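Participant: Generate coordinates for the sequence data below:
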Amino acid sequence: METALPYLRYERKFVAEGFSPAVVLARVRRHSCAFREVYPPRVVNNIYLDSSSRRDYHDHINGVANRTKTRVRWYGPQFESAERPTLERKLKRGAVSGKAGHALPELSINGGCFRSLLTRNFEAADLPPVLRLALQHMEPTLVNRYRRHYFLSRDGMFRLTVDSELQFTGVQADGRPTAFSGAASVVVIELKYGPELAEKAPAVTTTLPFRVSRFSKYVAGIETI
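Facilitator: Numbers count the residues shown, from 1 in each chain. This next block holds a predicted model:
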């Protein structure tokens, strides 16, 4: 657990089942908040870490108010070579969330053992001692990747992302990826805003024509594989 919390914000998730990514993107662009894309779409890659008992997974499905997810994240279509990866600790504190990121050295996957690769990578990184200790009790459990589009409302108050093409791969006991990969056909929308905007948020959320959900890509991945 980190010694200081990062900036915490609301993250409202919506699941668009039965809608193609193109339809979802078109509806977001037609929203009354005039969302516009502020960054080119890109592929997001993650390796999730959890305890051997899958504590973070069980905390989520049991609705534990204060919980954590840990992942190594990088961007780009090539999974085998991770340039500028980041170790992220996603913190959930009641209704708000935040994340703390720590830069990692370049990581070359190439079908290797995730456990040993990440161990060496963490040893070479400049990480807080308390985080380094926590990582000693964690292991890679899931790989996922998806395509993300980035939007910002016209007034600059609300950020929104659209994630599609979700893919999942498990991690074997020896730390290597499994041969089986699963996929989820859903499109996930996330609306992100600061606590000071809580009273204005319903005007945005009620006009999004998608189902509000507690959808977690980590949980969905574990259950898919």
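Participant: Could you tell me the end-to-end distance of stretch 26-34?
Facilitator: 11 Å (CA to CA, to the nearest Å).
Participant: average model confidence for that stretch?
Facilitator: Averaging pLDDT along stretch 26-34 yields 96.
Participant: And that stretch, what's buried?
Facilitator: Of the residues in stretch 26-34, Arg27, Val28, His31, Cys33 count as buried by neighbour count, 16 or more other CB atoms under 10 Å. No exception for glycine: its C-beta is placed from N, CA and C like everyone else's.
Participant: What's the mean pLDDT across stretch 71-86?
Facilitator: Taken as a whole, stretch 71-86 carries a mean pLDDT of 91.
Participant: And it, end to end?
Facilitator: Start-to-end span of stretch 71-86 (CA to CA) is 8 Å.
Participant: Go through stretch 116-128 and flag the buried ones.
Facilitator: Residues of stretch 116-128 classed as buried under the neighbour-count rule (16+ other CB under 10 Å) are Leu117, Leu118, Thr119, Asn121, Phe122, Ala125, Leu127.
Participant: and the residues you listed as CSV, adding pLDDT and distance to Gly170?
Facilitator: Below are the buried residues of stretch 116-128 laid out as CSV (pLDDT from 0 to 100; distance: CB to CB, whole Å):
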residue, pLDDT, distance to Gly170
Leu117, 93, 16
Leu118, 95, 16
Thr119, 95, 19
Asn121, 96, 20
Phe122, 97, 21
Ala125, 97, 25
Leu127, 96, 26
